[in-house]
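In: turn this into a structure:
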Amino acid sequence: MTRWVGLLRGVNVGGVRLAMADLRRLVADLGHQDVQTYLQSGNVVFGSTVRDADALARGIERALADELGLTVPVLVRSGREMAAVAGGNPYADREDDPTRLLVAFLAATPATSAVAGLTVPGGETVAFTVTGREVFLHYPDGGYGRSKFTNTYLEKKLGVVATTRNWRSVRTLAELAA
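Out: Okay, the predicted model is just below:
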């Protein structure tokens with residue numbers, strides 16, 4: 001049995017409403033075990049004998065569409081991958097405030113040319129590091145909410161679906177999936 005983390009994009013933050021009880025039920029009905037959610041923003045942790053993250057993501061997406069009429073991108077990471085993300089933040093030693101550290105999880109590894117062309121909007125001091133399917137973000141002079149370097153910006157510039165979580169959520173999800 002492998003532990004997995006499902007990250008739903010845009011849930012309960014701008015139009016798509018989803019009760020976490022419904023998310024837990026849907027994931028359990030797919031045959032997964034020990035299903036739990038974290039916060040109200042579309043984080044689900046579960047155990048499964050399925051070993052294919054893409055198949056897990058597609059299954060959850062289909063269930064959301066079929067049963068609730070919701071079109072929501074789902075990104076899935078293994079517990080091991082989440083532990084690597086939680087242990088690999090290049091900015092963790094520079095910042096005590098977890099709200100200024102975030103991780104954008106990407107649906108796929110972006111093209112090298114897209115990564116090379118990724119820049120911070122003028123006047124901002126955001127630091128970022130793209131590592132495979134994650135973008136580590138550090139907002140030293142303010143919060144994510146005031147920046148133009150957002151999830152939508154990353155999706156547009158990198159050409160892949162993304163969903164962003166703050167550092168506290170990343171660490172907690174890694175612990176829950178351990």
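
In: tell me the buried residues in the biggest helix by length in the chain?
Out: Counting by DSSP state H, the longest helix found in the chain is helix 53-68. With burial defined by 16 or more other Cβ atoms under 10 Å, the residues of helix 53-68 counted as buried are 53, 56-57, 59-61, 63-64, 68. From N, CA and C alone the C-beta is placed, and that goes for glycine too.

In: same check, this time on stretch 112-128
Out: The neighbour-count check on stretch 112-128 (16+ other Cβ under 10 Å) flags 118, 126-128 as buried.

In: which regions of the chain sit below the pLDDT cut-off?
Out: The chain contains no residues with pLDDT under 70.

In: ok, 80 please
Out: Applying pLDDT under 80 to the chain picks out residues 13-15, 142-143.

In: which parts of it are helices?
Out: 20-29, 53-68, 79-87, 112-116, 151-158, 167-177.

In: mind putting those helices into a markdown table with distance to His138?
Out: Listed next are those as a markdown table, based on distance: least, Cβ to Cβ, whole Å:
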| stretch | distance to His138 |
| --- | --- |
| helix 20-29 | 29 |
| helix 53-68 | 27 |
| helix 79-87 | 14 |
| helix 112-116 | 17 |
| helix 151-158 | 14 |
| helix 167-177 | 9 |
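
In: centre of the chain to the longest helix of the chain, how far?
Out: Distance of helix 53-68 from its chain centroid, counting by Cα atoms, centre = their mean, to the nearest Å, is 16 Å.

In: against which helices or strands is that helix packed?
Out: strand 2-8, helix 20-29, strand 74-78 (3 or more Cβ pairs under 8 Å, 6 or more residues apart in numbering; DSSP states H and E).

In: show residues contacting the shortest one.
Out: Under the contact criterion Cβ atoms under 8 Å, 6 or more residues apart in numbering, strand 74-78 has outside partners 2-9, 53-54, 56-57, 60-61, 64, 85, 105-107, 161, 163, 177.

In: residues contacting Gly116?
Out: Gly isn't right for residue 116; it's Ala. By Cβ under 8 Å, 6+ apart, Ala116 has no neighbours at all.
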